[in-house]
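1. Need a 3D model of the sequence below.
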Amino acid sequence: MSNNEARPEEIRCVAMASDADGPLVEVLTPRDVPLGGPRAMRVRRTLPQRARSLIGAWCFADHYGPDNVAETGGMRVPPHPHTGLQTVSWLFSGEIEHRDSVGSHAFVRPGELNLMTGGHGICHSEVSTERTTTLHGAQLWVALPQDSRDARRDFQHYVPQSVRLDGAEMRVFLGSIAGETSPIRTFTPLLGAELVLAPHTASHLPVDAAFEHGALVDEGDLRLGDTVLRPGELGYVAPGHDTLTLVNESDRPTRLLLLGGTPFEEEIVMWWNFVGREHDDIVRAREDWQKESERFGEVTGYPGDRLPAPPLPNGTIRPRRRASGTGG
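-> Modelled structure (predicted):
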């Protein structure tokens, strides 16, 4: 998905040190973002934000729906570019048609992973299909490390098995957890899984203690440690824990996305749909997109124009100021 904000924020992101004296769970509250136009599709953005910009290499998280497509118009994102990242599309309901400059023509469906690598440059379009009545899902980005940030463009599709585990139903779409492993290639150690907890159950998940984790709640309430997370909130847990206890104390199921990875120690710059290392990387990427260079390739089959890049901010993209006591 494109970041279609008319004036996207410039962001310099760097992994934050955990606070040994702080609480086990840091709660990240999303902000509402309209993705362009008077009938804009609205999303809840939990990453990046001032309190925390990365969880492992996960650098962007938009959570949307359930939206009545008859009222909102659904998703209509023209061809747009990406650099220095991988996009992860995950749906709970609805269907999205994907076309990209690798030549892929695929459909994003509930419980199926579509992962696109836009290293040096890629472009794609995303349109909810006519069969879609309710659109509900998440769009996630993963920052590529320095030695792979110019990786060739690529597209991968995977349908993870649903498995029962200790009071939960789980689908692992990236990485490994509790004996389940995704075959999808990533460039840093990562975890991505959907979990549905039955009412009045607890799940004790063995996790990699070297990872930091984030639990993004979609439906229901989740107790993580001593903290209760509401729908739309993301609970962050620093490295150093080999078990996460997820508890649903309510009378209805709780659904969440569990994201994780080793702390991403490299500093990155994000603006619009580009990830780079410095301001000039963003400038070059924008110029290349605007002049329709071969860097991003071409999407075929989309009935419309490309999405133009917004104007660059005045001045050099610089680090965001951190809230006091939240780390570097």
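2. nearest residue to Pro79 other than its sequence neighbours?
-> Setting aside the residues directly before and after it, Pro79 is nearest to Val299 in space (CB to CB, 6 or more residues apart in numbering), at 4.1 Å. C-beta here means a position set from N, CA and C on the backbone, and glycine is covered the same way.
3. pretty sure that neighbour contacts Asp100?
-> Yes: A contact is recorded between Val299 and Asp100 when judged using CB atoms under 8 Å, the distance being 6.3 Å.
4. okay, the two: which has more neighbours?
-> Per other CB atoms under 10 Å, whichever of Val299 and Asp100 has more neighbours is Asp100, with 27 against 23.
5. Give the residue spans of the protein that score low on pLDDT.
-> With pLDDT under 70 as the threshold, the chain has low-confidence stretches at 1-23, 36-40, 318-328.
6. quick one: contacts for the residue positioned nearest the centre of it?
-> The centre of the chain sits closest to Leu140, judged by CA atoms, centre = their mean, with a distance of 1.3 Å. Remark: with contacts taken as CB atoms under 8 Å, 6 or more residues apart in numbering, Leu140 is in contact with 58, 60-62, 87-90, 192, 257, 259.
7. hang on, the earlier thing: shared neighbours of Val299 and Asp100, anything?
-> Taking CB under 8 Å, 6+ apart as the contact definition, Val299 and Asp100 share the neighbouring residues 123-125.
8. Redo the residues you listed as a markdown table? Include neighbour count and distance to Phe187.
-> Supplementary listing: the shared contacts of Val299 and Asp100 in a markdown table, determined by neighbours: other CB atoms under 10 Å; distance: CB to CB, whole Å:
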| residue | neighbour count | distance to Phe187 |
| --- | --- | --- |
| Cys123 | 26 | 20 |
| His124 | 30 | 19 |
| Ser125 | 24 | 24 |
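9. quick one: which of those is nearest to Pro183?
-> Minimum separation from Pro183 among the shared contacts of Val299 and Asp100 (CB to CB) is found for His124, which lies at 22.0 Å.
10. does that closest one sit in a helix or strand, and which one?
-> Taking DSSP states H and E as the definition, one finds His124 inside strand 122-128.
11. Distance from the following helix or strand past that strand to the middle of the chain?
-> Sequence-wise, the next helix or strand beyond strand 122-128 is strand 134-143, with elements assigned using DSSP H and E. When distances are taken as CA atoms, centre = their mean, to the nearest Å, strand 134-143 is centred 6 Å away from the chain's centroid.
12. repeat for stretch 167-186
-> Using CA atoms, centre = their mean, the distance between the centre of stretch 167-186 and that of its chain works out at 16 Å.
13. ok, and for stretch 309-317, which residues are buried?
-> By neighbour count with 16 or more other CB atoms under 10 Å, stretch 309-317 contains the buried residues 309-310, 312, 317.
14. With stretch 104-112 instead?
-> Along stretch 104-112, these residues count as buried under the neighbour rule (16+ other CB under 10 Å): 104, 106, 108-109, 112.
15. for those residues, which one is nearest Arg286?
-> When these are compared for distance to Arg286, the smallest value, 24.1 Å, is given by Ser104; criterion: CB to CB.
16. Was I right to think the closest one contacts Arg153?
-> No: Ser104 lies out of contact with Arg153 (CB under 8 Å); the separation is 9.7 Å.
17. Common neighbours of these two, please.
-> Shared contacts of Ser104 and Arg153 (CB under 8 Å, 6+ apart): Met116.
18. The longest helix belonging to the chain packs against which elements?
-> Once the chain is assigned using DSSP state H, the helix that runs over the most residues is helix 279-290. For helix 279-290, the contact count by 3 or more CB pairs under 8 Å, 6 or more residues apart in numbering; DSSP states H and E identifies strand 268-271, strand 274-276 as packing neighbours.
19. The residue found closest to Val275 once you drop the neighbours it is linked to in the chain and Met116, how far apart?
-> Once flanking residues are discounted, Val275 sits nearest to Gly84: 3.4 Å by CB to CB, 6+ apart. Taking CB to CB, to the nearest Å as the measure, Gly84 and Met116 are separated by 13 Å.
20. which one of the two has more residues nearby?
-> Neighbours were counted for Gly84 and for Met116 using other CB under 10 Å; Gly84 has more, 29 against 23.
21. tally of neighbours for Thr133?
-> Neighbours around Thr133, by other CB under 10 Å: 15.
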